[in-house]
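**Q** test case, fold it:
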Amino acid sequence: MAARVEHLQTSGVFTLDGGSWEVDNNVWLVGDDSAVVVVDPAHDAEAILRAVGGREVTAVICTHAHNDHVNAAPELADRTGAPILLHPDDLPLWKQTHPDRLPDRDLADGQVLDVAGTELHVLHTPGHAPGAVCLHVPALGTVLTGDTLFAGGPGATGRSFSDFPTIVRSIADRLLTLPPDTLVRTGHGPTTTIGAEAPHLQEWIARGH
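**A** Now for the predicted structure:
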């Protein structure tokens, strides 16, 4: 079968700045019947491996390094042999969760990753975290936004390493310029579209002042 996006939800605890919250995370698999990349390996490596099945995992990609998006990454990488990819600006956050295990490769703005003959374009979208990235998959009409853009607005910016004006600029410059029918597959909650979120940009800008 052709390349596609598959969804898995896992549950666990998000911790930052001394607080803890129960969360449900979206884990995304992009690929075909032979090979996939895993995006945001949250909480449960075993559940992710069951979703992968017998396919090759070519990369474990983290859209940012909050613990609830990376806590299963080392186990998943160790059990599949796949490299962990993270933008280097998020290393301080990564080290809070995995002080003794670094990611294997850096993500960079403009980088193009390939799985199953399908291109994933890396967009650096800081704001929720310094090294936050989104993955635009033009051939599948989708963008994986992590916690940068949700159905209803930008990701949270009330904690360490985050900034609201920065996330709004990232969304305006890097995401809302995508085709309106682009599916937005988020780190938490439901999928939306670029066209559904774009009309709210001025509201978000006003909130930042």
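
**Q** can you give me the strands in the protein?
**A** Remark: strands assigned in the chain by DSSP state E are 4-16, 19-31, 35-39, 56-61, 84-86, 105-106, 112-115, 118-124, 133-137, 142-146, 149-150, 153-154, 183-186, 192-193.

**Q** most tightly surrounded among the ones you listed?
**A** Compared across the strands of the chain, strand 142-146 shows the largest average neighbour count, a mean of 27 (mean count of other C-beta atoms under 10 Å). From N, CA and C alone the C-beta is placed, and that goes for glycine too.

**Q** ok so, going back, export the strands of the chain as TSV, with columns for distance to residue 96 and mean pLDDT.
**A** Below are the strands of the chain laid out as TSV (distance: least, C-beta to C-beta, whole Å; pLDDT from 0 to 100):
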stretch	distance to residue 96	mean pLDDT
strand 4-16	8	98
strand 19-31	13	98
strand 35-39	21	98
strand 56-61	18	98
strand 84-86	13	99
strand 105-106	18	98
strand 112-115	26	98
strand 118-124	21	98
strand 133-137	18	99
strand 142-146	17	98
strand 149-150	23	98
strand 153-154	22	97
strand 183-186	23	98
strand 192-193	29	98
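
**Q** in CSV: those, plus distance to residue 72.
**A** Below are the strands of the chain laid out as CSV (distance: least, C-beta to C-beta, whole Å):
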stretch, distance to residue 72
strand 4-16, 8
strand 19-31, 9
strand 35-39, 9
strand 56-61, 9
strand 84-86, 11
strand 105-106, 18
strand 112-115, 19
strand 118-124, 20
strand 133-137, 18
strand 142-146, 15
strand 149-150, 21
strand 153-154, 25
strand 183-186, 18
strand 192-193, 25
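
**Q** nearest to residue 67, out of those?
**A** In terms of C-beta to C-beta, the element of these nearest to residue 67 is strand 4-16, at 5.6 Å.

**Q** ok, residue 15 - contacts?
**A** By C-beta atoms under 8 Å, 6 or more residues apart in numbering, the residues touching residue 15 are 21, 67.

**Q** let me redo that: residue 84
**A** Residue 84 is in contact with 59, 60, 62, 73, 74, 77, 103, 104, 105, counting by C-beta under 8 Å, 6+ apart.

**Q** can you pull the contacts of the closest residue to it other than its chain neighbours?
**A** In space, and not counting its chain neighbours, residue 84 is closest to residue 103: 4.4 Å by C-beta to C-beta, 6 or more residues apart in numbering. Residue 103 makes contact with 62, 73, 83, 84, 85, 86, 91, 94, according to C-beta under 8 Å, 6+ apart.

**Q** need the contact list for the nearest residue to residue 140 once chain neighbours are set aside.
**A** In this structure, residue 140 finds its nearest non-sequential neighbour in residue 5, 6.0 Å apart by C-beta to C-beta, 6+ apart. For residue 5, the contact set (C-beta under 8 Å, 6+ apart) comprises 28, 29, 30, 137, 140, 142, 144, 185.

**Q** how much space between residue 5 and residue 55?
**A** 14 Å (C-beta to C-beta, to the nearest Å).

**Q** same deal with residue 174?
**A** 30 Å.
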